[in-house]
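Chemist: no FASTA, just this:
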């Protein structure tokens, strides 16, 4: 590869890098995902829960877990107070006619007609044999891409932005698991677009420098004498 060809390749690579950086910036800006790391969820209580029930949540809000090692059964209620999960010391069953079963599987799930009535008799399907239920629950995390008003007004400091409740029945006796969602506070600095403009300027300077080198002939290359 000649020096000129190497220079052209460097120009192409530099422009490709700039394009990828700018494209990545646009994706983050439109996806709203950059704020997710600044939310935290935690359990604040398990009101009236009998002995044998333990509950945990992922701090990032990805899952909630309920374990039961007592006698009888625990039923976790879904978004519409319908039976959603049944937990015993030896198994976990999921109600396939629960609306929550489908809503927790996908953001835009289609709920079957048979699941439209919260009072419909449950149809249980075993999903675990260890007495520990873990599932994604939309109640325990911030659901929208837009920031809460208090965060939008002051993103640099911590705020409590919501509370949540998951209801259950322990041998037909109601109990609740409660928690909060907090904003940790996001460090304030230069907006991301400013950093990428800086990267773009440095990239352009690199392109101009490489192009200038490619146009110059090396000074130490001796001319070959012409043949008579």
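Modeler: Noted; the coordinates are in hand. Only a predicted model underlies this, so the values are computations on that prediction, with no experimental measurement involved.
Chemist: how much space between residue 139 and residue 186?
Modeler: Using Cβ to Cβ, to the nearest Å, we find residue 139 at a distance of 24 Å from residue 186. In this view, the C-beta of every residue, glycine as well, is placed from N, C-alpha and C.
Chemist: Have a look at those two and say which one is more surrounded.
Modeler: A count of neighbours by other Cβ atoms under 10 Å puts residue 139 above the other of residue 139 and residue 186, at 20 against 16.
Chemist: Am I right that the more buried one is in contact with residue 80?
Modeler: No - applying Cβ atoms under 8 Å, one finds residue 139 not in contact with residue 80, separated by 11.9 Å.
Chemist: Do I have it right that residue 182 meets residue 59?
Modeler: No - in this structure residue 182 lies outside contact range of residue 59 using Cβ under 8 Å: 9.7 Å.
Chemist: okay, those two: which has more neighbours?
Modeler: Neighbour count, other Cβ under 10 Å: between residue 182 and residue 59, residue 182 has more, with 18 against 11.
Chemist: Next, count neighbours for the closest residue to residue 57 other than its chain neighbours.
Modeler: Nearest residue to residue 57, sequence neighbours excluded (Cβ to Cβ, 6 or more residues apart in numbering): residue 64, at 4.8 Å. Residues within reach of residue 64, counting by other Cβ under 10 Å, total 24.
Chemist: residues contacting residue 64?
Modeler: Residue 64 makes contact with 55-58, 134-135, 137, 140, 166, 177, according to Cβ atoms under 8 Å, 6 or more residues apart in numbering.
Chemist: Next: residue 131.
Modeler: Neighbouring residues of residue 131 by Cβ under 8 Å, 6+ apart: 67-69, 87-92.
Chemist: Throw together a ChimeraX command that grabs the buried residues out of these.
Modeler: For the buried members of the contacts of residue 131, the matching ChimeraX selection, counting by 16 or more other Cβ atoms under 10 Å, is:
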select :67,68,87,88,91,92
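Chemist: domain ranges for this structure?
Modeler: As assigned by automatic domain parsing, the chain contains the domains 3-28+190-215, 40-183.
Chemist: Going by mean pLDDT, which of these comes out lowest?
Modeler: Comparing mean pLDDT across the domains of the chain, the lowest value falls on domain 3-28+190-215: a mean of 54.
Chemist: From residue 160, how far out is residue 140?
Modeler: Distance from residue 140 to residue 160, by Cβ to Cβ: 14 Å.
Chemist: out of the two, which sits in the busier spot?
Modeler: Just comparing residue 140 and residue 160: by other Cβ under 10 Å the higher neighbour count belongs to residue 140, 25 against 11.
Chemist: OK, contacts around the more buried one?
Modeler: Contacts of residue 140 by Cβ under 8 Å, 6+ apart are 41, 57, 61, 64, 164, 166, 179, 181.
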